[in-house]
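Chemist: Predicted model and sequence follow; I will ask about them next.
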Amino acid sequence: MPLSLHKSVRSVPIALALAIGIPFSNAAANDQVPKVRVESVRRIFDNGEHNAFTDLCRFKGRYYLAFRSCPDGHGVHPTSSIIVLASDDTKTWKQAHRFRVPQRDVRDPHFLIFKGKLFVYTGTWYCGKSAPKRRDMNEHLGYAVWTEDGRKWQGPTMLEGTYGHYVWRAATFGSKAYLCARRKRGFARTRTRVERDRLVESAMLESDDGLVWKKVGLFQERYGNETAFQFDKDGQVLAIARSGGGRNAQICRSKPPYVKWTRKNLDRYIGGPLLATWGNRHLVGGRQIVKGKAVTSLYWLVKDRLHEFARLPSGGDTSYPGFLELGSKRAIVSYYSSHERDSQGKTMTAIYLARLVVADSALKKSGNEKVSAFPAVIVSSPPITTRATTTPHSSWRPLTGMSRSPKSTQPTRMTCAIWRGIRE
């Protein structure tokens, strides 16, 4: 049954955050970057499992959203699967495909449209029949499913050339496809995380068919991690790379043949980075840590500086956004978060969809409309889930790190500890 959404919920301009002193950057006041309004945020999927790591795309007139779902949580489990939802209007979604890889944990699905096909790539950890007590990066392996029409799917198929690599985001230039793939230098054996992190490379892989891959360059030579990247019309690469060991993210640049790179540290950590183009500007998204709490943020990237324009309702285990431009003034962002609780008081890790509007196209308020004095949008919940949904509260503030129980007006402290197993 499709997930039918509630009617629109009134939004609150992000500019109000500035008015009450929330520490956003001066991006909204900067004439060189547009103001952006978060028009609405909706929880669009929750099945009682741990749902995370999203991506968005448009393929042959339909919209697609992918994410991981696992009944056993965030950790490495062979019970995990990748779900692909499809929509004709970004409002009503239904499952188009779901797959898992036997004896492997699947996560971080990413789309690639290449040579008339829609690929979904996933990095995998080897598990065996149950969650492993020890995990080895050298046993990573990439997999893909693909479709030509969104209805008939093929795979999952192992990606040749990716053993020992954890595949992540993908992009195309000309007749080639490219992947970010994390690996240990020389596939070294390490005993501690500290020893391992400094040996991790973020490799750029290349393919002629989307299934057989070879290394062409290195986004990061040490402390490598998740990397989002884009090509310009001349094949030059711009990348936003998370850095291992909790270090600040980096901007990486190269041009064909992608042998020489420049790297520059940004002013903050970014987990699960997004890099997209909206109009003629670069947009960056991902998790940042604010006063010890995780939050999913969005930024404009201007002259190698991040200008934050929104903090989405989020907390705890959160981030890994996908982005889709609907026009020069409108866009949608998918992400996951665990800032809400269900009717039993249990933390939900669910999938959310935010609608963004560039300010000069935002709807004008009517004369009698009241604007709430908090810098957030209200989340409305889909009525069709396998779990009771949380009633939205008009006074909910996502930046405080708290949520509210449906049966109480008092805040309940949310845990914002970040899972620090394979990902951190």
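Modeler: Everything's here; your move.

Chemist: now the strands for the stretch 101-250 of the chain?
Modeler: 104-114, 117-126, 141-147, 153-158, 166-173, 176-184, 200-207, 214-220, 227-231, 237-241, 250-254 (DSSP state E, counting those that start in this stretch).

Chemist: Check what contacts the last one and list those residues.
Modeler: With contacts defined as CB atoms under 8 Å, 6 or more residues apart in numbering, strand 250-254 is touched by 217, 219-220, 227, 229, 236-241, 243, 260-266, 304. No exception for glycine: its C-beta is placed from N, CA and C like everyone else's.

Chemist: Also compute the angle for the helix or strand following it relative to strand 214-220, please.
Modeler: Note on strand 250-254: by DSSP states H and E, the next helix or strand toward the C-terminus is strand 261-265. Relative orientation of strand 261-265 versus strand 214-220 (axes from the mean of the first three to the mean of the last three CA atoms, to 10 degrees): 30 degrees.

Chemist: what is the orientation angle of strand 261-265 with strand 200-207?
Modeler: Calculated by the same axes, to 10 degrees, strand 261-265 forms an angle of 140 degrees with strand 200-207.

Chemist: what about the closest residue to Gln154 other than its chain neighbours, how many residues close to it?
Modeler: Excluding the flanking residues, the one nearest Gln154 by CB to CB, 6 or more residues apart in numbering is Trp146, at 5.6 Å. By other CB atoms under 10 Å, 19 other residues sit near Trp146.

Chemist: Please report how far Trp146 lies from Val333.
Modeler: To Val333, Trp146 is 25 Å away according to CB to CB, to the nearest Å.

Chemist: same deal with Gln220?
Modeler: 25 Å.

Chemist: the helices in the protein, which residues?
Modeler: Ranges of helices within the chain are 15-19, 193-197, based on DSSP state H.

Chemist: Return the per-residue confidence for the residue lying closest to Val212 once chain neighbours are set aside.
Modeler: Nearest residue to Val212, sequence neighbours excluded (CB to CB, 6+ apart): Glu160, at 4.3 Å. pLDDT, Glu160: 98.

Chemist: What distance do you get for Glu160 to Asn47?
Modeler: Taking CB to CB as the measure, Glu160 falls 33 Å from Asn47.

Chemist: hmm, back to that, can you flag the buried ones in the contacts of strand 250-254?
Modeler: With neighbours counted using 16 or more other CB atoms under 10 Å, the contacts of strand 250-254 contain these buried positions: 217, 219-220, 227, 229, 237-241, 243, 261, 263, 266.

Chemist: Show me what counts as buried in stretch 55-65.
Modeler: For stretch 55-65, a neighbour-count test (16+ other CB under 10 Å) marks Asp55, Leu56, Cys57, Phe59, Arg62, Tyr63, Tyr64, Leu65 as buried.

Chemist: on that earlier part again, TSV please, covering the buried ones among the contacts of strand 250-254 and showing pLDDT and distance to His165.
Modeler: As requested, those are exported to TSV (pLDDT from 0 to 100; distance: CB to CB, whole Å):
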residue	pLDDT	distance to His165
Gly217	98	14
Phe219	98	13
Gln220	98	14
Thr227	98	12
Phe229	98	16
Val237	98	18
Leu238	98	22
Ala239	98	17
Ile240	98	20
Ala241	98	15
Ser243	97	18
Trp261	98	18
Arg263	98	20
Leu266	98	25
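
Chemist: The closest residue to Thr262 other than its chain neighbours: how many residues sit nearby?
Modeler: In space, and not counting its chain neighbours, Thr262 is closest to Arg253: 4.9 Å by CB to CB, 6+ apart. For Arg253, the neighbour count with other CB under 10 Å is 16.

Chemist: who's Arg253 bridged to?
Modeler: Residues in a beta bridge with Arg253, per DSSP bridges, are Leu238, Thr262.

Chemist: So for it, what's the pLDDT?
Modeler: 98.

Chemist: And it, how close does it get to Phe229?
Modeler: Applying CB to CB, the value for Arg253 to Phe229 is 10 Å.

Chemist: One more: Pro313?
Modeler: Per CB to CB, Pro313 is found 28 Å from Phe229.

Chemist: And Gln344, by the same measure?
Modeler: For Gln344, the distance to Phe229 - CB to CB - is 42 Å.

Chemist: check contacts around Val101.
Modeler: Counting by CB under 8 Å, 6+ apart, Val101 touches Thr122, Thr124, Tyr143, Pro156.

Chemist: The third one contacts Leu159, correct?
Modeler: Meaning Tyr143. Yes - here Tyr143 reaches Leu159: they are 6.4 Å apart, a contact under CB atoms under 8 Å.

Chemist: Now do the shared contacts for the two.
Modeler: Common contacts of Tyr143 and Leu159 (CB under 8 Å, 6+ apart): Tyr121.

Chemist: These two: who's more crowded?
Modeler: Leu159 (26 against 23).

Chemist: Return the set of residues that bridge with the closest residue to the more buried one other than its chain neighbours.
Modeler: Nearest residue to Leu159, sequence neighbours excluded (CB to CB, 6+ apart): Gly142, at 3.8 Å. Note on Gly142: beta-bridge partners Gly123, judged by DSSP bridges.

Chemist: now Gly142: how far from Asp55?
Modeler: Using CB to CB, we find Gly142 at a distance of 15 Å from Asp55.
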